[in-house]
Every structure is written in structure tokens, then in C-alpha cells.
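J.: Below is the structure, and that's it, no one-letter string:
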């Protein structure tokens, strides 16, 4: 026969063990939650940093491309009077005159994609929308640098008429506007991430 004192000690021991187990479970759950929150904060910080770098590269490309887009808009609106290709400086450029007499120019400058290339893998691990947009933009930049700019420079060097230039630029309108749209979309998405809007 077991004594009452012995039963009481067993009960107290079991109760203490249960409290210790419950406390251990609570601590484990809290540590797990803290680790998940720290990982989420780290992921947000990493995403903001990546977006800041990508935003800077893409905005530089947009600024650089804006003069070419302006030229194309003058061509589309039949505002170009004359244009000349010039390769005397470090980068070839086109100087043109519009109907109001203003002389304007643009460089045949390649778009940068070094940051995009460097961080594609990291972005792919944390943001499926941005990686899809970056892959499309990366392909477009490659086409812009290695096909569009070269063919446009070669075409202008051949000294076409203003009407021939108009037709050529009109044939490229979709690509030019799509390149601009993709760049603006990536820049807006990254800007929103950097300032915490999404």
C-alpha cells in the first residue's frame, strides 16, 4: 500500500514536470516566432536594398533613354527638319533640328544591366513578381543594346531622308514604348518597395 504522502509527492512531481514541459513549449514557440519575425524583417531589408540598387540602375537607364525617346516623339510628330550622325566624341550621337529651330541631340548610349545581372538570383529567392519583370526587362535591354541602337546608328549613318527616318522610327515604335514601359514598371515597383508601400 502506497502512503498518502508518497502519492502527494508523485502528484507534485508530475505537476512540476508538466509545468516545466509547458514552459519549455512556450519558450520554444516564442523563440520560433521571434526567429520567423527576424527572418521576415531580414527579408524585407534585403528586398529594400536590392530594390534600391535596381531602382538606381533602371532610373539611370530611363534618364539616358529619355533623349532618344524625345527624338522618336519628334519624328512621330513630324517635327524633325534635319539630323546628322556624329561620332567625333567618346560616344556617337545624333544632332537634329526641329521645326521651331531648336538644336537637340542624343547619345547612342547603351543601357546598363550590371546590377540586374548581379542580383537576379537573390531576387528570384524572395520576389516572384520582380524576378519576372526583371527577366523581361533584361531581355529588352539586351535587344536595345545589341540590336536596336546598332541598327538605328547604321540607318542614320546611311543619311536617309526625313521621310525614310519617319518610317524607320514608326516601325520601331512598339519596341521603344515597350522598353520605356517595362523600365518604368520596374522602377515604380522598386520605388514602392524601397519606401515600404508594398
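T.: Okay, I see it. In this text, all values refer to a predicted model and were calculated from it rather than measured experimentally. Numbering: from 1, shown residues only.
J.: would you list every one of the helices in this structure?
T.: 4-76, 114-126, 128-143, 149-157, 162-171, 173-194 (DSSP state H).
J.: Does the fifth one pack against any helices or strands, and if so which?
T.: Applying 3 or more Cβ pairs under 8 Å, 6 or more residues apart in numbering; DSSP states H and E, one finds that helix 162-171 contacts helix 4-76, strand 80-86, helix 149-157. Yep, even glycine has a C-beta here, placed from its N, CA and C like the rest.
J.: helices or strands up against the longest one?
T.: The criterion is 3+ Cβ pairs under 8 Å, 6+ apart, and the helices and strands that helix 4-76 contacts are strand 93-98, strand 103-107, helix 114-126, helix 128-143, helix 162-171, helix 173-194.
J.: how about 10 Å then?
T.: If you count contacts as 3 or more Cβ pairs under 10 Å, 6 or more residues apart in numbering; DSSP states H and E, helix 4-76 packs onto strand 80-86, strand 93-98, strand 103-107, helix 114-126, helix 128-143, helix 149-157, helix 162-171, helix 173-194.
J.: Flag every buried residue along the shortest one.
T.: Of the residues in strand 103-107, those scored as buried under the neighbour-count criterion (16 or more other Cβ atoms under 10 Å) are residue 106.
J.: which strands and helices sit next to that strand?
T.: Under the contact definition 3+ Cβ pairs under 10 Å, 6+ apart, strand 103-107 sits against helix 4-76, strand 80-86, strand 93-98.
J.: ok, and what's touching the shortest one?
T.: For strand 93-98, contacts defined as Cβ atoms under 10 Å, 6 or more residues apart in numbering pick out 67-68, 70-71, 74-75, 77, 79-87, 102-109, 152-153, 156-157, 162, 165.
J.: Could I get the contacting residues of residue 184?
T.: By Cβ under 10 Å, 6+ apart, residue 184 lies in contact with 58-59, 62.
J.: what residues are up against the closest residue to residue 129 other than its chain neighbours?
T.: Counting by Cβ to Cβ, 6 or more residues apart in numbering, residue 129 lies nearest to residue 189, which is 7.3 Å off, once chain neighbours are set aside. Applying Cβ under 10 Å, 6+ apart to residue 189 gives the contacts 51, 54-55, 58, 127, 129-130, 133-134, 197-198.
J.: For residue 191, see how far away residue 42 is.
T.: 21 Å (Cβ to Cβ, to the nearest Å).
J.: tell me the mean pLDDT for stretch 68-86?
T.: The pLDDT scores in stretch 68-86 average 96.
J.: Can you get me the start-to-end distance on it?
T.: One end of stretch 68-86 to the other measures 15 Å (Cα to Cα, to the nearest Å).
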